[in-house]
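Chemist: would you be able to build a 3D model of this:
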Amino acid sequence: MKLHINWDAVGISATLACAVHCAILPLVLSSLPLFGINIIHNVFFEAVMILLALFIGSYSLWHGYLRHHHRSAPLVLFISGMIFLILKQFVVTYANWLLVPAVILIITAHFFNWRFCRIAKHCHATDCTH
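Modeler: Have a look, this model is predicted:
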């Protein structure tokens, strides 16, 4: 039995986890610094979350593009979202304003990739170049 991983679902989950971390965690876990734990503005944790979203999303979207639908819209949306997400790390004063479009773009990219993969009636048809 072959294990099938839905990488779009994993990508959406990772993006949502990042959004929850960035938006809700500061409100819920504001007492952690009292115990010497700081994951809210931890640069290493933020970088790991961004890299995780980048690797999972890139693999998922590239696979869908090459093997199924050959449409670049999900890739463009994902790259735009990642630019906003990375920019959020450097423009701290507008972090929340950059986070919202980043999450929306990344989730939309995964959703369109998933839809396009489901709509595609072929895999390795005559129009494929691989």
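Chemist: what's near enough to touch the closest residue in space to Lys88 that isn't next to it in sequence?
Modeler: Among residues not flanking Lys88 along the chain, Leu98 sits closest, at 4.0 Å (C-beta to C-beta, 6 or more residues apart in numbering). The way it works is simple: take the backbone N, C-alpha and C, and place the C-beta from them, glycine included. Applying C-beta atoms under 8 Å, 6 or more residues apart in numbering, we find Leu98 in contact with Phe84, Leu85, Leu87, Lys88, Val91.
Chemist: likewise for Val10?
Modeler: By C-beta under 8 Å, 6+ apart, the neighbours of Val10 are Ile56, Ser60.
Chemist: if you set the cut-off to 7 Å instead, what comes out?
Modeler: Listed by C-beta atoms under 7 Å, 6 or more residues apart in numbering, the contact set of Val10 reads Ile56.
Chemist: and Trp97, how far is that from His4?
Modeler: For Trp97, the distance to His4 (C-beta to C-beta, to the nearest Å) stands at 38 Å.
Chemist: quick check: which ranges of this protein have low pLDDT?
Modeler: Residues of the chain meeting the criterion pLDDT under 70: 1, 24-40, 121-130.
Chemist: how about the helices in it?
Modeler: 7-23, 25-28, 43-64, 73-90, 95-119 (DSSP state H).
Chemist: just give me the neighbour total for the closest residue to Tyr65 other than its chain neighbours.
Modeler: Nearest residue to Tyr65, sequence neighbours excluded (C-beta to C-beta, 6+ apart): Leu75, at 6.1 Å. Number of residues near Leu75 (other C-beta atoms under 10 Å) recorded here: 18.
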